[in-house]
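>>> need a structure here:
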Amino acid sequence: MEKKSFVFESLPADLTALKTRPEADLKDPFGVLALFVAALCVYPKDRDAALEMIDYLKGPRPLSNLDKQFLKDRFMDGKDYLGPSYFAGAIPANDYTPAQPWTITVEAQAHSRDQLEEGYLKLFVTSGGADSPRAVTLRTKPSTGEWFIWEFSSVVSGIRTPLAKDDWA
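The predicted structure is shown next:
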């Protein structure tokens, strides 16, 4: 099982800033997933900038209108904590406030390539508000060696409510 951690002194606020990160060469699927989660953190503050970053990370298959609506629905009702919940130290009790600098760990599990066609890889990130790691499928473009986000729905699925927003806490 391979694990890689990525450290952000600050999160990229737009595509230009994202492209300054070494992971933006898209050669390392672990780094692509780390950048994707960073882009999710931008979504509540600047939807257009986040969508532009995500489209870059999706490569030849940008977000469809259905994908955009899916993201909008996941972030409804003030769920701006979804992205930050994947960074170290972010838990419901501290309202998903990550430790600084922002650190995210991406891992491959023993069966990350099982039941997937050649050129696909399933990687996992753990939210401080979920009981099990969430999977994202990436796809490689053999002509360039770049990796792109292919399927990401579980990363934006519900997690535990932050303490400050939990009426039952």
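
>>> tell me, which helix in this structure spans the most residues?
helix 29-42 (DSSP state H).

>>> counting contacts, what elements does that helix pack onto?
strand 3-8, helix 15-18, helix 47-58, strand 102-107, strand 120-125, strand 134-141, strand 146-151 (3 or more CB pairs under 8 Å, 6 or more residues apart in numbering; DSSP states H and E). For the C-beta atoms, the positions are set from N, CA and C on the backbone; glycine is no exception.

>>> Let me know the average pLDDT across it.
In this model, helix 29-42 has an average pLDDT of 98.

>>> That helix to strand 146-151, inter-axis angle?
Angle, helix 29-42 to strand 146-151, by axes from the mean of the first three to the mean of the last three CA atoms, to 10 degrees: 50 degrees.

>>> between helix 29-42 and helix 47-58, what angle do the directions make?
170 degrees.

>>> how about a markdown table for the helices and strands packed on helix 29-42, with distance to Thr161 added?
A markdown table is the format used below for those (distance: least, CB to CB, whole Å):
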| stretch | distance to Thr161 |
| --- | --- |
| strand 3-8 | 25 |
| helix 15-18 | 29 |
| helix 47-58 | 22 |
| strand 102-107 | 21 |
| strand 120-125 | 19 |
| strand 134-141 | 17 |
| strand 146-151 | 26 |
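
>>> looking at those, which is closest to Pro84?
Evaluated over these, closeness to Pro84 peaks at strand 102-107, with 8.2 Å, by CB to CB.

>>> Tell me which residues of that closest one come out buried.
Going by neighbour count (16 or more other CB atoms under 10 Å), the buried part of strand 102-107 is Trp102, Ile104, Thr105, Val106, Glu107.

>>> Now do the same contact list for the second one.
If a contact means CB atoms under 8 Å, 6 or more residues apart in numbering, then Ile104 has Ser5, Phe6, Phe8, Ala34, Val37, Ala38, Tyr86, Phe87, Ala88, Val125 as its contacts.

>>> Now do the contacts for the last one.
Going back to what we said before, that points to Val125. Leu33, Val37, Tyr86, Ile104, Thr105, Val106, Glu107, Pro133, Arg134, Val136, Val155.

>>> Kindly indicate which of these lies nearest Arg74.
Val155 (9.2 Å).

>>> Just confirm the closest one is within a helix.
Yes - assignment of Val155 by DSSP: H, G, I helix; E, B strand; the rest coil places it within a helix.

>>> The closest residue to it other than its chain neighbours: neighbour count?
Leaving aside its sequence neighbours, Val155 sits nearest to Arg134 (CB to CB, 6 or more residues apart in numbering; 4.8 Å). Neighbourhood size, Arg134 [other CB atoms under 10 Å]: 20.
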